[in-house]
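K.L.:
Take this sequence and fold it.
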Amino acid sequence: MKILEKSNLKQFLKNLSKKYELIAPVKERNTKFQVIEKGNFDKIFLEKITEVPVKSFFIPENETLLSFGKAENNGHERKKIIFGLRNCDLNAIHILDRVMHDTNYLEKRKNTILIGLYCENPDEYCFCNSMELEECEKVSDLFFYGKGKKYFISVNSKSGEEIVKNLKESREKIKLKEINKKELKNKDIKKHYKNHVWESDAAKCLSCSACTVYCPTCNCFNIEDKTEINLKDGERIRQQASCQLKSFSKVAGGKVFRDSRLARFKHFIYHKLVYFKDQHNRYMCVGCGRCLRACPTKIDWVNTINLLIDDKRMKKR
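P.N.:
All right, here's what the predicted structure looks like:
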């Protein structure tokens, strides 16, 4: 363990920004991760989980995968540090690691140091304790625990060790677990797929895709080839997509495999709790609650599942 006075955190981060591109949570119109420039250290916001996840730094909304004819930019990219990641954020990145195997993603991951921060104020949407997350020490290079006027820092990699080598040592061992107000009581929902309870949530769904946009583990995308009018220049672009849009499962001939809003809504839930678990032996949902916060009609599928498990009347007919 290393120690850092909380009053020295800003200077610590400023020192890091001299060598690395520093990314941290900021509060503007909403709370999100952002590159920290000289003038916006005061905007860093660590009180609560961000509304917007960090995934766009690894899977941009629009990303050029390859180009031809155009001059390519081969400039050196600075190594990045992302500071202020909650344990749910860290676990989300490691879930993306399991499915994103392309060169662009792997280069970004290789070039990024992850610094976690203990979540002192989980809100009414957080249910990470229910999702069997990996311990923060296993998914971060450094992890900060706030206690009193100090941060106790768990050092979990050689990259992390290099960053804090000049800080004082501590023999005190700190290990805390976030205490959530919300709980997902039972994730074994396979046998409930045809239950009518899902219809009430699907009836409120607008298919706006906010849940997938704000989910830190959703990674669906479309690929589009664009060619210039001269037919000599072009590029292949990856764009974020959503399974909640009717067009997502449309194939040649006009067939839509998940035509109904109910089918799309259930796919989102079952992918997070069942399909991914069957393939990778862990849940795709990290319990951050961002989909619940972002939903304009306040659909609470966690509460729906709890009703499904608790109430005998909700059992499959």
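K.L.:
who's in contact with the residue of the chain most remote from its centre?
P.N.:
In the chain, the greatest distance from the average C-alpha position (Cα atoms, centre = their mean) is reached by residue 230, at 39.9 Å. Residue 230 makes contact with residue 69, according to Cβ atoms under 8 Å, 6 or more residues apart in numbering. Every residue, glycine included, has its C-beta placed from N, CA and C.
K.L.:
Just read off the phi/psi values of it.
P.N.:
Note on residue 230: backbone dihedrals following degrees, to the nearest 10 are phi -80, psi -10.
K.L.:
can you tell me how far it sits from residue 117?
P.N.:
Separation of residue 230 from residue 117 (Cβ to Cβ, to the nearest Å) stands at 50 Å.
K.L.:
quick one: contacts for the residue minimising distance to the centre of the chain?
P.N.:
Closest to where the C-alpha atoms of the chain average out (Cα atoms, centre = their mean) is residue 216, at 2.3 Å. Contacts of residue 216 were listed using Cβ under 8 Å, 6+ apart, and they are 53-55, 88-89, 92-93, 286, 288, 290.
K.L.:
Just to check, residue 119 is in contact with residue 47?
P.N.:
No - Residue 119 is beyond contact range of residue 47, at 10.0 Å (criterion: Cβ atoms under 8 Å).
K.L.:
neighbour count winner among these two?
P.N.:
Taking other Cβ atoms under 10 Å, residue 119 and residue 47 do not tie; residue 119 has more neighbours (25 against 9).
K.L.:
Would you mind measuring the gap between the ends of stretch 278-298?
P.N.:
End-to-end span of stretch 278-298 (Cα to Cα, to the nearest Å): 29 Å.
K.L.:
cool, and stretch 45-55?
P.N.:
End-to-end distance of stretch 45-55 (Cα to Cα): 18 Å.
K.L.:
can you pull the buried residues of that stretch?
P.N.:
Neighbour counts over stretch 45-55 (16 or more other Cβ atoms under 10 Å) mark 45-46, 48-50, 52-55 as buried.
K.L.:
CSV for these, including distance to residue 141?
P.N.:
Below are those laid out as CSV (distance: Cβ to Cβ, whole Å):
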residue, distance to residue 141
45, 21
46, 18
48, 23
49, 20
50, 19
52, 22
53, 19
54, 15
55, 18
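K.L.:
Alright, that wraps it up for me.
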